[in-house]
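Chemist: 3D, please:
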Amino acid sequence: MDDMQACVESEASVDTNLDNNDAVYAIERSLCDVIPPSEKPNSLGNGHGNSLLKNCLTYTDHQPSTSNYKDISMDCPVLFREETVINVFLKTFMSENFEYKSSFYIEKRMRNISISCVRSHHKYGYVIMGELSRQRLVIYYKTGQKIDEIRLGYRPQSLCLVDDETVAVATPQVVLIINLVSKRKTHFSLNDSCHGIACTDTMRLVVNCLNRGLVITNLNGQILENIPNVRGKLVLCNFILETVVYARKCSDNKVHFLDLTSKRTTTITCLGLCDAGGLTCDDGYNVLISCARNNRLFTINRKRKTSAESHSFTQIPKVNLISSLDYHTDTNELCLITNSGRSLCVLAEK
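Modeler: Down below sits the predicted model:
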């Protein structure tokens, strides 16, 4: 990272020439620095189930489709209100940020298994994954031991943590709110096909609807706001405060930061990205995005306003065909769904 240049803010566009040793960045507007809140998340889950997961709530992991909807993701429309564009020219280099730690097949004997999404429980360390073929959530320790599963009745497209005991899951038909301990489920419909979902620090859900755009709801399904111009199939994650990051699942190389309060959008053109597989943030306010098509990972640092390609995962034999990913801030580990949705790989940050 020593040879990466800091980005320079400018009101006008900047013409730059790339050489073999430097990555030059042209930035028209940057995100303002925001100090994240220090308060802990609320706890809404009050279930008293007898599942193994309940017994694990004191454990920290340090040990051993529907055709009725038109897919308009290729349209990539102009964003709501103001769009700020950042052109980022990336230098490809071998990053030493991550090293291989472990990997395992998820239910190896089940040949048609397909994991669509993953989230690390940032407090307890296990991973929660959405599985398409049997329409369920599966919960594992990062060592490969299965903890539990929760049948959904819908195909999970994306999931996010709401609090220590609750997750929200987007499916083509409904949005599910699930207590991980009691397995109690509630759901609501947005009358659209839902694909991406994120939960803000103020406990609002941001749901990616295929035709209606981004729909912001409370946990009961009440629609609070609608941003209709951000449509298509997206990958989403919460950034800080009331900002979400999203990218399109299409032949697109842009990553968008949307401030839900001001409705201002900052767009980063990420050369080398062509098909977003997953988005996550680490504890240093880096946004990590995987490219499902060419097995690459890109890191964007908001504070330093720099961007780079991280480790070329083709160098690691057990890391291939990356889709979803999530970063566990307590252990500085990156969880990747690999092998076409059949395996989980854990990388440790050096």
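
Chemist: ranges for the strands of the stretch 201-350 of the chain?
Modeler: Assigned by DSSP state E, counting those that start in this stretch, the strands in the stretch 201-350 of the chain fall at 205-209, 213-217, 223-227, 234-238, 243-248, 254-259, 265-270, 276-281, 286-291, 296-301, 306-309, 325-328, 333-338, 343-349.

Chemist: quick one: the last one to strand 296-301, angle?
Modeler: So that's strand 343-349. Orientation of strand 343-349 against strand 296-301 (axes from the mean of the first three to the mean of the last three Cα atoms, to 10 degrees) gives an angle of 40 degrees.

Chemist: thinking again about what came up before, as a markdown table, the strands of the stretch 201-350 of the chain with mean pLDDT would be great.
Modeler: Output for the strands of the stretch 201-350 of the chain, formatted as a markdown table (pLDDT from 0 to 100):
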| stretch | mean pLDDT |
| --- | --- |
| strand 205-209 | 97 |
| strand 213-217 | 97 |
| strand 223-227 | 96 |
| strand 234-238 | 92 |
| strand 243-248 | 92 |
| strand 254-259 | 90 |
| strand 265-270 | 84 |
| strand 276-281 | 89 |
| strand 286-291 | 87 |
| strand 296-301 | 80 |
| strand 306-309 | 64 |
| strand 325-328 | 92 |
| strand 333-338 | 91 |
| strand 343-349 | 90 |
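
Chemist: nearest to I113, of the ones you listed?
Modeler: strand 343-349 (9.6 Å; Cβ to Cβ). (C-beta placed from N, C-alpha, C; glycine too.)

Chemist: quick one on the thing from earlier: how about TSV for the strands of the stretch 201-350 of the chain, with distance to L190 and mean neighbour count added?
Modeler: As requested, the strands of the stretch 201-350 of the chain are exported to TSV (distance: least, Cβ to Cβ, whole Å; neighbours: other Cβ atoms under 10 Å):
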stretch	distance to L190	mean neighbour count
strand 205-209	6	25
strand 213-217	6	21
strand 223-227	8	14
strand 234-238	14	26
strand 243-248	17	24
strand 254-259	18	21
strand 265-270	22	22
strand 276-281	21	24
strand 286-291	25	24
strand 296-301	30	22
strand 306-309	33	22
strand 325-328	24	25
strand 333-338	26	25
strand 343-349	30	21
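
Chemist: among these, which is nearest V127?
Modeler: When the strands of the stretch 201-350 of the chain are compared by Cβ to Cβ, strand 333-338 sits nearest V127, at 5.6 Å.
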